[in-house]
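Colleague: This is a predicted model, with the sequence first.
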Amino acid sequence: MMLFKDYSKKSLWNLSIIGLYIILIYLPDITRYKNIVMGLIGATALWYLVRDFKTICKIFKNNLAFSLLFLLLTIGYSILISVDPSISIKEINKPILNGLLLFAVTFPIVLYKEKPTDIAKMVMVAFAIGLLVLMINNIIQYYFEYQKNILPFTWKSQYFHRELSYGLLFFFSIILICYHYPQKHPIIYWPSLIIASFLFATSILGTLARGAWISLAIIILLFLIINRRWLLIIILFSSLLLFISITNNIPKKFIPEYLQSKLTQVNSGDRFNNGTQGSALDLIFEQPIKGYGYGNQLYHNIYNERAKEYPEWTFKKSIGPHNVFLAFWFAGGILGLLGILYFCSSIIAQGIQLIRKNSGIIRQAALVLLMSFLGVYVLRGLFENAYINQVGILVGLMLALRHALLNNQSVTPSGKQQ
């Protein structure tokens with residue numbers, strides 16, 4: 001942590017507990033340690049809130065915070081109209097109250113007096129370490145699976161690694177930043193980055209999650225467009241076409257059969273027509289204005305009860321709508337759909353604003369946060385049941401960065417941060 005060696009003990013504490021939680025967030029089987037760190041974050045936030053309530057309230061006087069409030073109100077509405085309120089109340093606990101809301105509120109409070117460059121450094125370091133730790137944990141898991149004769153890139157292996165794709169997407173943009181903004185000491189830097197990229201590619205392929213792969217490709221494309229790297233876009237498309245061509249023609253003995261099947265599959269995986277999203281729309285169009293109520297379990301119950309009335313549905317037992325926007329539309333009707341659309345558009349608008357008005361490490365951190373949100377929730381959420389819990393971390397960091405920039409305008413009147 002040489003980047004933070006000259007900081008006060010208070011700043012080191014604030015930045016360290018937030019950074020540590022980001023690093024730990026996607027690691028499995030360490031819930032106790034996550035809860036300890038989150039308890040420290042909550043206690044620190046409460047202490048600052050009591051001491052400086054008026055200043056902290058200013059953090060949340062903006063469109064991004066208002067969109068979060070509106071989303072919470074739509075979720076409240078979906079509980080009121082729920083066909084089974086007990087299920088809806090139970091299911092808002094972890095993803096909304098102890099996830100989205102908790103992170104979005106406590107993170108900016110803990111960081112409310114930190115400088116924007118310090119917050120940006122913490123984001124970059126935490127994302128880099130988080131990705132590295134996640135990939136190392138993945139390699140260790142492969143080793144233990146191999147001892148049990150479970151080979152990589154197989155159906156059995158996918159069962160253990162698919163959830164990893166969310167964490168990989170969450171942290172991935174840090175690799176793009178490292179390529180776009182190379183650091184000093186190239187003898188150490190470039191070999192390390194190439195090795196990390198190889199580990200990432202192996203890890204993301206090992207999840208066998210096509211939704212994650214598509215999200216990843218779109219993130220890279222958006223990143224290159226934002227930074228106007230037109231030649232790299234051409235190279236990317238050419239490489240993608242070459243990769244598809246090779247994958248379709250390579251003998252099966254050179255590539256695991258299940259991986260090749262995933263790479264060459266051209267259909268939607270039963271998502272449209274009478275599949276997951278098609279059947280969700282059938283239910284939604286029965287009550288498009290009112291909705292049914294919040295909760296995955298509520299959706300499963302209603303789907304399973306109504307499946308006999310729709311013999312054309314592909315799945316006779318619910319596996320979810322596989323689309324976050326349809327999930328909120330189902331839960332809260334048109335109000336739920338508007339709530340999630342307003343929330344997502346506000347995050348995207350805030351991210352773009354941070355990118356356009358800043359330079360240097362602040363712009364890099366803003367890119368990381370925006371690309372992470374698009375990848376892990378918006379793009380992934382178009383194809384699968386993405387989790388909203390960790391979105392609160394990105395919202396909280398954006399709010400903290402925005403507030404820090406407003407408080408430090410006198411230091412950098414041009415609005416440009418180096």
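Modeller: Thanks, I have the structure now.
Colleague: contacts and neighbour counts: CA atoms only from here.
Modeller: Fine.
Colleague: which residues of this structure score low on pLDDT?
Modeller: 1-6, 243-244, 246-270, 409-418 (pLDDT under 70).
Colleague: try 50 this time
Modeller: For the chain, the stretches with pLDDT under 50 are 1, 410-418.
Colleague: now the strands for it?
Modeller: Ranges of strands in the chain, per DSSP state E: none exist.
Colleague: The residue positioned nearest the centre of it: what's it in contact with?
Modeller: The chain has Val376 as the residue nearest its centroid, 3.2 Å off, counting by Cα atoms, centre = their mean. Val376 sits next to 166, 169-170, 215, 386 when contact means Cα atoms under 8 Å, 6 or more residues apart in numbering.
Colleague: how close does it sit to Phe172?
Modeller: According to Cα to Cα, to the nearest Å, Val376 and Phe172 sit 10 Å apart.
Colleague: Repeat that for Ala201.
Modeller: Taking Cα to Cα, one finds Ala201 at 10 Å from Phe172.
Colleague: quick one: which of those two has more around it?
Modeller: More crowded of Ala201 and Phe172, by other Cα atoms under 10 Å: Phe172, with 25 against 12.
Colleague: ok, the more buried one touching Gly130?
Modeller: No - with contact defined as Cα atoms under 8 Å, Phe172 and Gly130 do not form a contacting pair (10.0 Å).
Colleague: Please determine how far the residue lying closest to His322 once chain neighbours are set aside is located from Glu163.
Modeller: Nearest residue to His322, sequence neighbours excluded (Cα to Cα, 6 or more residues apart in numbering): Glu384, at 3.9 Å. Distance of Glu384 to Glu163, computed by Cα to Cα: 12 Å.
Colleague: more crowded one of those two?
Modeller: Neighbour count, other Cα under 10 Å: between Glu384 and Glu163, Glu384 has more, with 22 against 14.
Colleague: Now the more buried one. Its backbone dihedrals?
Modeller: Dihedral pair for Glu384: phi -140, psi 180, per degrees, to the nearest 10.
Colleague: what about the residue found closest to Ala126 once you drop the neighbours it is linked to in the chain, how many residues close to it?
Modeller: In this structure, Ala126 finds its nearest non-sequential neighbour in Gly19, 5.1 Å apart by Cα to Cα, 6+ apart. By other Cα under 10 Å, the residues close to Gly19 number 21.
Colleague: And Gly19, how close does it get to Val395?
Modeller: Using Cα to Cα, Gly19 is found at 15 Å from Val395.
Colleague: Could you do Thr31 as well?
Modeller: Distance, Thr31 to Val395, using Cα to Cα: 22 Å.
Colleague: Could you check which of these two has the larger neighbour count?
Modeller: Using other Cα under 10 Å as the criterion, Thr31 and Val395 rank with Val395 on top: 28 against 12.
Colleague: Next up, the contacts around the more buried one.
Modeller: Contact partners of Val395, counting by Cα under 8 Å, 6+ apart, are 64, 103-104, 347.
Colleague: Which ones among these map onto helices?
Modeller: In helices, judged by DSSP state H, the following of the contacts of Val395 are found: 64, 103-104, 347.
Colleague: would you list those residues in a markdown table and tack on distance to Lys113 and neighbour count?
Modeller: Converted to a markdown table, the ones in helices among the contacts of Val395 look like this (distance: Cα to Cα, whole Å; neighbours: other Cα atoms under 10 Å):
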| residue | distance to Lys113 | neighbour count |
| --- | --- | --- |
| Leu64 | 19 | 23 |
| Phe103 | 17 | 26 |
| Ala104 | 16 | 25 |
| Ile347 | 22 | 25 |
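Colleague: Pretty sure Ile89 sits against Ile79.
Modeller: Yes - checked against Cα under 8 Å, the pair Ile89 and Ile79 is within contact range at 6.6 Å.
Colleague: Give me the more crowded residue out of those two.
Modeller: Just comparing Ile89 and Ile79: by other Cα under 10 Å the higher neighbour count belongs to Ile79, 23 against 18.
Colleague: The nearest residue in space to Leu164 that is not next to it in sequence - how many residues pack around it?
Modeller: Distances taken as Cα to Cα, 6+ apart put Thr207 closest to Leu164, at 6.8 Å, once the chain neighbours are dropped. When counting by other Cα under 10 Å, one arrives at 26 neighbours for Thr207.
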